[in-house]
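J.: Structure, please.
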Amino acid sequence: MHPAPSDTRVVGLVLAAGAGSRFGGPKGLARTTEGEAWVARAVRTLRDGGCGTVLVAVGAAADEVAALVPPDATVVRAEDWAVGLSASLRAGLRAAIPEPEGAAEREQAAEPEPAAEPEGAAEREQATGPERDAEPTPNAAPEQAAEPTPDAEREQAVDRRREAVPAERRVSYRGPDAVLVVTVDTPELPASAVARVIRAGGRGDAGLGLESALVQAAYAGRPGHPVLIGRAHVPAVVAALRGDRGAGPFLAAHGAVAVECSDLWSGADVDRR
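T.: The predicted structure follows:
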């Protein structure tokens, strides 16, 4: 297939940090029969499938695996990779969509605030206080406030909406909307499966789009990779990760949309040489 148009809103994430105990060594060092490194193939597949940027999470044999990562991808080191799959996924998600510094503390401490007062409201209230009942000076023409133009009213409304959004969230809007996750042990994954999952996320549940997407490829009904996690879900996924399990329990509990891809490939990962 021709490469899908690159979508800068989607970050690809390759999980390549495991020790590969059943495989006989780190899968991040494995190669195809043609000699192509699995990790390099995964990066190319994500790019061809439409990911704007690609991250590779490394852990076991980190330096050796990192040396195989193509220069157009970014290496993320999962220092606690020995904990299991959760460690590399957590490191990758945090690198892809970092949480603003102190955001969690601010969110816990934040309480509902009254609606923002329209610009100039305090001054108008003062101006319409006791003095408003004073007798006008004889022969003085009454002062009239200038009528705001429709354009000025629109600009003020936009400014009020912008200021009502916390600064750290305004910054995050410029970042990616979703992370597309694959494991390095799926060298037969085609770019068409990546593109299909991204398209499904772009349509979104109830039209919410990539930011709120939660999509997982399925193979004859069996869940597999790729997995698309919208930015809105990333903090909760990170908090739920445990041990040698990935996002599967979270996806199941939160009704991830299954996208059938068995017509494109088998969906099988490679556990043994």
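J.: Which helix or strand lies directly C-terminal to the lowest-mean-pLDDT helix or strand in the chain?
T.: Taking mean pLDDT, DSSP states H and E as the measure, the helix or strand of the chain with the lowest value is helix 167-172, at a mean of 42. For helix 167-172, the succeeding helix or strand toward the C-terminus, using DSSP states H and E, is strand 178-183.
J.: name the helices or strands packed onto that next one?
T.: strand 7-16, helix 38-49, helix 85-96, helix 191-203, strand 222-230 (3 or more C-beta pairs under 8 Å, 6 or more residues apart in numbering; DSSP states H and E). C-beta here means a position set from N, CA and C on the backbone, and glycine is covered the same way.
J.: Can you tell me which of these is packed in deepest?
T.: Per residue and on average, the most neighbours among these fall to strand 7-16, with a mean of 26 (mean count of other C-beta atoms under 10 Å).
J.: Averaged pLDDT, that strand. What do you get?
T.: For strand 7-16, mean pLDDT is 92.
J.: Parallel or antiparallel, list what pairs with that strand.
T.: strand 51-58 (parallel), strand 178-183 (parallel) (DSSP bridges).
J.: Same list (those strands) but as a markdown table, adding mean pLDDT.
T.: Formatted as a markdown table, the strands paired with strand 7-16 follow (pLDDT from 0 to 100):
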| stretch | mean pLDDT |
| --- | --- |
| strand 51-58 | 97 |
| strand 178-183 | 98 |
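J.: Pick the most deeply packed of these.
T.: strand 178-183 (a mean of 28).
J.: what residues does it touch?
T.: Under the contact criterion C-beta atoms under 8 Å, 6 or more residues apart in numbering, strand 178-183 has outside partners 9-16, 42, 45-46, 49, 51, 89, 92-93, 96-97, 189, 194, 197-198, 201, 210-211, 213, 225-231, 234, 246-247, 269.
J.: now stretch 87-95
T.: Stretch 87-95 has contacts (C-beta under 8 Å, 6+ apart) with 13, 15-18, 55, 57-59, 74, 76-81, 179, 181, 229, 234, 237-238, 241, 246-247.
J.: again with stretch 209-217
T.: Residues outside stretch 209-217 that contact it (C-beta under 8 Å, 6+ apart) are 9-10, 177-178, 193, 196-197, 200-205, 223-233, 251, 254-261, 267.
J.: Show me what counts as buried in stretch 57-69.
T.: Ala57, Val58, Gly59, Ala60, Ala61, Ala62, Val65, Ala66, Leu68, Val69 (16 or more other C-beta atoms under 10 Å).
J.: circling back: nearest approach to Gly35 belongs to which of the strands paired with strand 7-16?
T.: With C-beta to C-beta as the criterion, Gly35 lies closest to strand 51-58 of the strands paired with strand 7-16, at 18.9 Å.
J.: Next, the angle from that closest one to helix 191-203.
T.: Angle, strand 51-58 to helix 191-203, by axes from the mean of the first three to the mean of the last three C-alpha atoms, to 10 degrees: 110 degrees.
J.: now the angle between strand 222-230 and strand 51-58, please.
T.: 110 degrees.
J.: and after strand 51-58, which helix or strand comes next?
T.: helix 62-66.
J.: Can you tell me which of the buried residues of stretch 57-69 is closest to Arg31?
T.: Arg31 lies nearest to Leu68 out of these, by C-beta to C-beta, at 8.6 Å.
J.: can you tell me which residues contact that closest one?
T.: Here Leu68 is in contact with Gly28, Leu29, Ala37, Val39, Ala40 (C-beta under 8 Å, 6+ apart).
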